[in-house]
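Peer 1: here is my input, please return the structure:
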Amino acid sequence: MPVYGTAIPTAEGLRRVLERVKPTGDDATVVWLNLREEPVVYIHGRPFCVKDRSSPFSNLENTGIAMTDVEAAEEMLKAEVVEEARKFGAKLLLCDET
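Peer 2: Numbering: from 1, shown residues only. Below is the predicted model:
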């Protein structure tokens with residue numbers, strides 16, 4: 001089975017990767033693993049994750065965190081983003097690394 005790697009792609013980038021690696025035949029399956037240990041939320045198709053204010057260009061250290069805890073944190077982050085957008089007229093303050 002071929003193995004590929006990415007960082008956090010945009011939603012469009014994810015679609016393009018899947019189009020490129022799309023298997024054919026009887027076993028048309030792609031297994032996608034996300035190894036991030038921090039919550040990620042997509043806003044207008046672009047990924048954003050939580051960062052520490054004192055180290056905004058470093059990943060959060062959550063070594064050994066359970067997948068269910070990351071998923072729960074992502075749901076909480078999504079709820080907070082939606083609430084902030086509602087509260088401030090669909091405006092959010094985001095920091096982009098690119």
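Peer 1: list the contacts for the residue positioned nearest the centre of the chain?
Peer 2: Centrality entry for the chain: nearest residue to the mean C-alpha point is residue 40, 3.7 Å, by Cα atoms, centre = their mean. Neighbour list for residue 40: 8, 34, 47-49, 74 [criterion: Cβ atoms under 8 Å, 6 or more residues apart in numbering]. C-beta coordinates here come from the backbone N, C-alpha and C atoms, glycine included.
Peer 1: how about JSON lines for those residues, with neighbour count, distance to residue 24 and secondary structure added?
Peer 2: Formatted as JSON lines, the contacts of residue 40 follow (neighbours: other Cβ atoms under 10 Å; distance: Cβ to Cβ, whole Å; DSSP: H, G, I helix; E, B strand; the rest coil):
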{"residue": "8", "neighbour count": "14", "distance to residue 24": "27", "secondary structure": "coil"}
{"residue": "34", "neighbour count": "10", "distance to residue 24": "25", "secondary structure": "coil"}
{"residue": "47", "neighbour count": "16", "distance to residue 24": "29", "secondary structure": "strand"}
{"residue": "48", "neighbour count": "19", "distance to residue 24": "34", "secondary structure": "strand"}
{"residue": "49", "neighbour count": "16", "distance to residue 24": "34", "secondary structure": "strand"}
{"residue": "74", "neighbour count": "18", "distance to residue 24": "32", "secondary structure": "helix"}
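Peer 1: confirm that residue 17 sits in a strand.
Peer 2: No: counting by DSSP: H, G, I helix; E, B strand; the rest coil, residue 17 is not part of a strand but helix.
Peer 1: may I ask which helix or strand encompasses residue 72?
Peer 2: Secondary structure assignment for residue 72, by DSSP states H and E: helix 67-87.
Peer 1: so how far is that helix from its chain's centroid?
Peer 2: Counting by Cα atoms, centre = their mean, to the nearest Å, helix 67-87 is centred 12 Å from the centre of its parent chain.
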